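Chemist: I'll drop the sequence and a predicted model, then ask my questions.
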Amino acid sequence: MKKGDHLFLVDGSGYIFRAYHALPPLNRKSDGLPTNAVLGFCNMVWKLMQDARNTDVGIVPTHFAVVFDYSSKTFRNELYADYKANRSAPPDDLIPQFGLIREATRAFNLPCIEMEGFEADDIIATYARLATEAEGDATIISSDKDLMQLVRPNVTMYDPMKDRQIGIPEVIEKWGVPPEKMIDLQAMMGDSVDNVPGVPGIGQKTAAQLLEQFGDLDTLLARAGEIKQEKRRQTIIENADKARVSRELVRLRDDVPLAEGLDELVLGNPDGPKLIGFLKAMEFSTLTRRVAEATGTDVAQVAPSSIAVDTTDVHGPDVGADGPPRRPATDGASATPAAAANTPAALAAVRARAAADAALDHSRYACIRHRAELEAWVAEAREAGVVSFRTETTSLEPMRAEPVGFALSLGPGRSAYVPVGHRSAAADLLGGGQVEGQITLDEALAALKPLLVDRSVLKVGHNLKYDWLMAHRLGVDVAPFDDTMLISYVLGAGTGRHDIAALAERWLGHPMIPFKDVVGSGRNLVTFDLVDIERATTYATEGADIALRLWSVLKPRLAAEGLVSVYERLERPLVPVLARMEERGVSVDRQMLSRLSGEFAQRAAALEEEVYAAAGERFTIGSPKQLGDILFGRMGLPGGTKTKSGQWSTTAQLLEELAAEGHELPRRIVDWRQLTKLKSTYTDALPEYINPETKRLHTSYALASTPTGRISSSEPNLQNIPIRTAEGRRIRTAFIAAPGNKLVSADYSQIELRVLAHIADIPQLTKAFADGVDIHAMTASEMFGVPVEGMPADVRRRAKAINFGIIYGISAFGLANQLSIERSEAGDYIKKYFERFPGIRDYMESRKQMARDKGYVETIFGRRIHYPEIKSSNPSVRAFNERASINAPIQGSAADIIRRAMIRMEDALASEKLSARMLLQVHDELIFEVAADEVAATLPVIKAVMEGSAMPAVALKVPLAVDARAADNWDEAH
DNA sequence: AGGTTGACATA
DNA sequence: GTATGTCAACCTT
């Protein structure tokens, strides 16, 4: 290099992030590979090279290099272990682009420079020094303030995105100091992004003013006593060491042992075909065309290059250091070292490794006690773009809970707790007392709300429905969000639990603090507001930290497994829908339940006496053990069977059979059991759940508790409200609409058999459903040759049992049990059924085979249900897994269908200006509360959404049918 | 006090 | 034969 030569130094790593964030997401059409940063990079480099040939611009590079960070670990970590420690991992869809951009650089025929142990900035500093010594000029293509210390008369910076030169005057204008004082300035200011400590309380303005006054940092520290402001003087003296460490962190090294000298950076002409090959492979059509024109290349003559990114080349800023995983993933799926770096699978592997390796240090968690501190965390979270969030409350039931605190996490070890509602038990006795050192709930919300509703910040949580509902009750609609519980559920339904502790153990090898250890148990149980703040901080911040780590591990696996759309379309959108349903609750008639309770109690008491009389002694009727001993032991009734634990079985079915033979006692027992069950589980228990504020019943829905995709309901369970018996139905009549409203019940007719007809593609079934005929009668007719007209009820009943049996993964044993027939007879039925419907047998075999081959079966929408024990050597375990794998696609597809309807329902109603509110879901039924005068307009909307909910994802071969009705109570509506 | 079992409510 | 949740009794700690 000689005088007059000009070196361009592109800060490749810096540019990657800027391009990524500045450009909208872009994916390669053929396979979805994310490429927005690659395109931004290519456009920028191409423009620079074109400008270089356009002498009008005045700057003509003769030398050119693109410089990258090798990894996030550099010599600075030895100076200061926490350097860049709070950097969050790059976004999922950016990571594969690191390797691609290096590849792009080579395609441009440009030197691609990186050096282990040094940052790109150090390499740039070294080249800048070399250029200066050779009396040449240098332009640094970057706008990073960390590089501004390098600006000299012959070294300028250029921001390609803003098309702006940064020379000495620009640095002074922006920072108030000349470039050579930037190091001292940054040493004092610190840098929250890189975790450079600086001097607390000294910002840019103060730092610049002090440098103006004292000249440089060493002089300032030596003469700090002269500073007039007392507080400032003190902090600077106290933090002199921090300032000195910070200076070493921000000072760029200009002595990097470079492999390539300046002469190896001479800019050559672009290799048209090579570059076009790359651009074609990336599917950048516009840029391909432009490059082709400029280089005189015939696009058609160039084949897309195969992008061969070094498969082990996963290094890059913050991706994590290379090396074998400290702990192999338990399921082996992420332990695929040969996976290409630019695939989601590789990303998942890298993430799993990094998350498991990052130490979990409870002492580093922060407790936020001042509004300003919280604001700083919020600002950092908004910068980071991803934050995990959780609420701590007084109750596991979100509708009874009061907020006690909030926890945030920005990255491993970077987690903070904001106590707002901690009380002291002692003070409570004296009239209740807030613990000192907390900001108010209102203050916390004022600071947090902008973050929680910020569309550009992803909120991560575990079982976020709970936190979403808490926030909603406080007037905050959290969005956008990810839920690690649901991600895990989509990835591994059927492979164990998805609670945060199980996942932390499984993916991070970390045993979490049990909630019980924090709040105690039994008589020592306290609500979270009475937990001391220290302990609460440790617990809550750990939860937030773990959730974010799990997110970084699990989220990329969705893409790797092709399950992103299942998560995004069937799972995540249901969170606010269910939260609102829980929040609305349902109205029940407390008096009616109370009257029923009294009535059941009287009748049960009367039966009790009759039982004692018949038995000849008093005993605990509710004890199956005592009852069995009396019935089959002392009284010697026939037909007794034993349960697996060796006790007499006293099931209702068995007692019914005895009753049919004329025995009095069993009949009374059955009746007594029914009445006491209804009383204890429903008429007594339900009123206890009525919320004193809303006067309504608020259930909790679990989204990840069934392997098939069904949701479950608990506390109270509103999915098992009685319907079969007349007595039971009286409980249903207590579920009522608010004044002026009706309850609407809309249920899918025979949805599982319809799904079966579709999946197994059974002509008779699809035709029957298309024709709207009685499906059980049709089955009976096919099997037993009996005409549908005038069919005996019992024949139809048997066919119905068989149809259900099929859905449950039929066995001769089970069918025989159900129909109280011999197992051989049941076996004959099944044989006959398969002769008539051979497609069903094929369906069953194919599901079992798929479960064996892949370990899972799937619904028509692609939800997977895993059966890891399908190959068990235990025949009954194996058979159970086989039946379940037959049932799961049917039950699961039906569950997906109603999920889709629920997700669409609220918008559909709103767009028709209807005020109907969805309250409950019972697997194939939705219950709404509808203003009486809107019922007529609402019914067809509900019906249309439900009947059309498989579309457009799946065109079913059978129609879906929905019966919808309105009434004053649930019994009449159903 | 906490866990297990048998029974039974639902789809 | 599938999928749940809750209760009372009973056993273990």
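Modeler: Perfect, I can see it now. Here the structure is a predicted model, which is why all the values come from computation and not from measurement. Numbers count the residues shown, from 1 in each chain, chains lettered A, B, ... in the order given.

Chemist: near DNA strand B, which residues of the stretch 601-750 of chain A? Just list them.
Modeler: When proximity is defined by Cβ under 7 Å from any atom of the strand, the stretch 601-750 of chain A lies next to DNA strand B at A:624, A:628, A:643-645, A:647-653, A:655, A:670, A:673-674, A:677-678, A:681, A:719-725, A:728. Glycine gets a C-beta too; all of them are placed from N, C-alpha and C.

Chemist: just the ones of those in helices?
Modeler: Mapping those onto helices (DSSP state H) picks out A:624, A:628, A:652, A:653, A:655, A:670, A:673, A:674, A:677, A:728.

Chemist: contacting residues for the second one?
Modeler: Looking back up the chat, that one is residue A:628. Residue A:628 makes contact with A:640, A:647, A:648, A:649, A:650 under the criterion Cβ atoms under 8 Å, 6 or more residues apart in numbering.

Chemist: just flag the most distant two among those.
Modeler: Spanning the widest gap among the contacts of residue A:628 are A:640 and A:647, at 10.3 Å by Cβ to Cβ.

Chemist: weed out the non-buried ones from the residues of the stretch 601-750 of chain A next to DNA strand B.
Modeler: A:624, A:628, A:648-650, A:655, A:670, A:673-674, A:677-678, A:681, A:719, A:721-722, A:728 (16 or more other Cβ atoms under 10 Å).

Chemist: nearest to residue A:901 among these?
Modeler: residue A:719 (16.5 Å).

Chemist: the longest helix in chain A is where?
Modeler: Longest helix in chain A, counting by DSSP H: helix A:875-911.

Chemist: quick check: most distant residue from the centroid of chain A.
Modeler: Largest separation from the mean C-alpha position in chain A: residue A:616, at 60.1 Å (Cα atoms, centre = their mean).

Chemist: and that one, what pLDDT?
Modeler: For residue A:616, the model assigns a pLDDT of 92.

Chemist: who in chain A is up against DNA strand B?
Modeler: A:516, A:521-523, A:624, A:628, A:643-645, A:647-653, A:655, A:670, A:673-674, A:677-678, A:681, A:719-725, A:728, A:922-925.

Chemist: tell me the domain ranges of chain A?
Modeler: Chain A breaks down into these domains under automatic domain parsing: A:6-295, A:356-572, A:587-695, A:763-836.

Chemist: which member of the buried ones among the residues of the stretch 601-750 of chain A next to DNA strand B is positioned nearest residue A:827?
Modeler: residue A:649 (23.5 Å).

Chemist: contacting residues for that closest one?
Modeler: Counted by Cβ under 8 Å, 6+ apart, residue A:649 has contacts A:628, A:640, A:641, A:642, A:643.

Chemist: now these as a markdown table including distance to residue A:896 and pLDDT?
Modeler: Shown next, in a markdown table, are those (distance: Cβ to Cβ, whole Å; pLDDT from 0 to 100):
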| residue | distance to residue A:896 | pLDDT |
| --- | --- | --- |
| A:628 | 43 | 91 |
| A:640 | 44 | 85 |
| A:641 | 39 | 87 |
| A:642 | 41 | 88 |
| A:643 | 36 | 84 |
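
Chemist: out of those, who's nearest DNA strand B?
Modeler: Using Cβ to the nearest atom of the strand, residue A:643 comes nearest to DNA strand B of the contacts of residue A:649, at 3.7 Å.

Chemist: in three-state terms, label the nearest residue to residue A:923 once chain neighbours are set aside for me.
Modeler: Counting by Cβ to Cβ, 6 or more residues apart in numbering, residue A:923 lies nearest to residue A:710, which is 6.0 Å off, once chain neighbours are set aside. Using DSSP: H, G, I helix; E, B strand; the rest coil, the structure places residue A:710 in coil.

Chemist: now residue A:710: how far from residue A:396?
Modeler: Per Cβ to Cβ, to the nearest Å, residue A:710 is found 21 Å from residue A:396.

Chemist: what do you get for residue A:197?
Modeler: 40 Å.

Chemist: of the two, who's got more company?
Modeler: residue A:197 (19 against 12; other Cβ atoms under 10 Å).

Chemist: so which residues of the stretch 651-800 of chain A form helices?
Modeler: For the stretch 651-800 of chain A, the helices defined by DSSP state H, counting those that start in this stretch cover A:652-660, A:664-677, A:685-688, A:726-732, A:751-760, A:763-771, A:775-784, A:793-807.

Chemist: swap that for the stretch 301-450 of chain A, sorry
Modeler: A:344-357, A:371-384, A:425-429, A:441-452.

Chemist: I'd like those helices as TSV, with mean neighbour count and mean pLDDT appended.
Modeler: Listed next are the helices of the stretch 301-450 of chain A as TSV, based on neighbours: other Cβ atoms under 10 Å; pLDDT from 0 to 100:
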stretch	mean neighbour count	mean pLDDT
helix A:344-357	23	74
helix A:371-384	17	94
helix A:425-429	11	62
helix A:441-452	18	97
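
Chemist: is it correct that residue A:197 is in contact with residue A:244?
Modeler: No: using Cβ atoms under 8 Å, residue A:197 is not in contact with residue A:244, being 10.5 Å away.

Chemist: just to revisit the earlier point, which one of the helices of the stretch 301-450 of chain A lies nearest to residue A:745?
Modeler: helix A:441-452 (35.2 Å).

Chemist: what's the weakest-modelled helix or strand in chain A?
Modeler: helix A:425-429 (a mean of 62; mean pLDDT, DSSP states H and E).

Chemist: not including adjacent chain positions, what is the nearest residue to residue A:878?
Modeler: residue A:872 is the one closest to residue A:878 (Cβ to Cβ, 6+ apart), at 4.7 Å.

Chemist: distance check, the one you found against residue A:75.
Modeler: Residue A:872 is 54 Å from residue A:75, by Cβ to Cβ.

Chemist: got it, and residue A:729?
Modeler: 76 Å.

Chemist: higher neighbour count, these two?
Modeler: residue A:729 (16 against 13).

Chemist: pretty sure that one is touching residue A:721, no?
Modeler: No: between residue A:729 and residue A:721 there is no contact under Cβ under 8 Å: 9.4 Å.

Chemist: rewinding a little: can I get the contacts of residue A:649 in CSV including distance to residue A:268?
Modeler: CSV is the format used below for the contacts of residue A:649 (distance: Cβ to Cβ, whole Å):
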residue, distance to residue A:268
A:628, 92
A:640, 94
A:641, 89
A:642, 88
A:643, 84
